[in-house]
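Q: predicted model and sequence follow; I will ask about them next.
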Amino acid sequence: MNAKEIKAKIMLVEDNQNLRNVLKDYLETLKFGVDDFSDSTSASNSFAKFKYDICVFDIVMKGKNGYELLQDIRKIDPEVPVMFLTAKNEKEDRIKAFKLGCDDYMTKPFSAEELTLRIEAILRRTKRPKKVKPVIPHTNDVYHFGNFTFDFGSMQLIHPLKTRSLTRKEAELLRLLCENMNKLMPREVILRQIWGSDDYAAGRSMDVFLTKLRSYLAVEPVDEKYLNKDPKTKAKYVEGYEPDIEIHNVHGTGFIFKVKGVEVKKEEPAQQK
């Protein structure tokens, strides 16, 4: 197949040879390019050398399992979409997969047509430039809140105690929160603006990224005496002692990026003379 005719390049990792061959043949008839592997080691080695548009993994396989392979892949490319195709159908397995950052989870037995539709849906919302290097946002927007400086252009979150480099999606999500500081942001609005979809898989992915941002903003830990220990209330903190900066979850509705006592200040790009 001519490279120009390929719709997308897929990494397929499945230890069942018969199923792997059937899937590879089926996807290739639909003009996908497929590199197939029976174990995590060969898949990981290939991923380090070549670019893939999406990865489809089994969980149970020789060597490292699919969860561990996903973690290895994320160290190389935090943005590549990953879908699990597995016989493991317990709730705990799904939760673990999404917490580790997968984009979709499909259980066996399955419909090949549904698998294809899911792959195409993921590719539509995660379509990336063909360049191997990640695209750095072409903007000089810089935000100041609390003791943090967030430089969107360089994707840096800077604090006197720690400077952290963000992924593109982390930076886009944090910028959206900064632009709407102290306002309720409905889940579906965030999902559509950052993920391009408000389906279940996108929602779980968003929750993972929000958890990461919360950990990045927790450079200055809250004193334990201010943590709420009253079982009668669901509040995480004692009233009046909430942290100065918090991504607050409004159950079933959305999130508020709370910045206490200060305003988020945005530096505009300097005018060129």
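A: Arrived safely.
Q: give me the low-pLDDT residue ranges for this structure?
A: Along the chain, the parts satisfying pLDDT under 70 run over 1-4, 128-140, 220-243, 261-273.
Q: now the helices for it?
A: Assigned by DSSP state H, the helices in the chain fall at 17-29, 40-49, 66-76, 91-100, 112-126, 168-179, 187-190, 200-217.
Q: please identify the most buried of those.
A: For these, the largest average neighbour count (mean count of other C-beta atoms under 10 Å) is found in helix 168-179, namely a mean of 19. (Glycine included, C-beta is placed from N, CA and C.)
Q: show me what that one is packed against.
A: Packed against helix 168-179 by the contact rule (3 or more C-beta pairs under 8 Å, 6 or more residues apart in numbering; DSSP states H and E) you find strand 142-145, strand 148-151, helix 200-217, strand 254-259.
Q: V80: which of these is closest?
A: With C-beta to C-beta as the criterion, V80 lies closest to helix 200-217 of the helices and strands packed on helix 168-179, at 12.5 Å.
Q: for the closest one, name the packing helices and strands.
A: Packing partners of helix 200-217 (3+ C-beta pairs under 8 Å, 6+ apart): helix 91-100, helix 168-179, helix 187-190, strand 245-250.
Q: what about these, which gets the closest to R118?
A: helix 91-100 (14.2 Å).
Q: so which other helices or strands are in contact with that closest one?
A: Against helix 91-100 (3+ C-beta pairs under 8 Å, 6+ apart) you get helix 66-76, strand 104-107, helix 200-217.
Q: make CSV from the helices of the chain and add distance to Q156 to it.
A: As requested, the helices of the chain are exported to CSV (distance: least, C-beta to C-beta, whole Å):
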stretch, distance to Q156
helix 17-29, 39
helix 40-49, 26
helix 66-76, 20
helix 91-100, 25
helix 112-126, 24
helix 168-179, 9
helix 187-190, 22
helix 200-217, 11
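Q: right, so of those helices, which gets closest to V82?
A: helix 66-76 (5.5 Å).
Q: so which of the helices of the chain is nearest K162?
A: helix 200-217 (8.5 Å).
Q: ok, and what's touching that closest one?
A: Identification of contacts with helix 200-217 by C-beta atoms under 8 Å, 6 or more residues apart in numbering yields 98-99, 101-105, 122, 125, 148, 157, 164, 166, 169-170, 173-174, 177, 187, 190-191, 194-196, 245-247, 255.
Q: between strand 245-250 and that helix, find me the angle.
A: With axes from the mean of the first three to the mean of the last three C-alpha atoms, to 10 degrees defining the directions, helix 200-217 sits at 150 degrees from strand 245-250.
Q: in JSON lines, list the helices and strands packed on helix 168-179 along with distance to E5.
A: Converted to JSON lines, the helices and strands packed on helix 168-179 look like this (distance: least, C-beta to C-beta, whole Å):
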{"stretch": "strand 142-145", "distance to E5": "44"}
{"stretch": "strand 148-151", "distance to E5": "41"}
{"stretch": "helix 200-217", "distance to E5": "28"}
{"stretch": "strand 254-259", "distance to E5": "42"}
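Q: check the offset of stretch 158-173 from the chain's centre.
A: From the chain centre to the centre of stretch 158-173 is a distance of 14 Å (C-alpha atoms, centre = their mean, to the nearest Å).
Q: gap between the two ends of it?
A: From its first residue to its last, stretch 158-173 covers 16 Å (C-alpha to C-alpha, to the nearest Å).
Q: contacts for that stretch?
A: With C-beta under 8 Å, 6+ apart, stretch 158-173 has contacts from 78-79, 134-135, 137, 147-152, 155-157, 174, 190, 194, 206, 209-210, 212-213, 216, 219-220.
Q: quick one: closest of the helices and strands packed on helix 168-179 to D53.
A: helix 200-217 (16.4 Å).
Q: report the contact partners of the residue nearest to E188 when sequence neighbours are not counted.
A: In space, and not counting its chain neighbours, E188 is closest to D198: 4.5 Å by C-beta to C-beta, 6 or more residues apart in numbering. The neighbours of D198, taking C-beta under 8 Å, 6+ apart as the test, are R187, E188, L191, R192.
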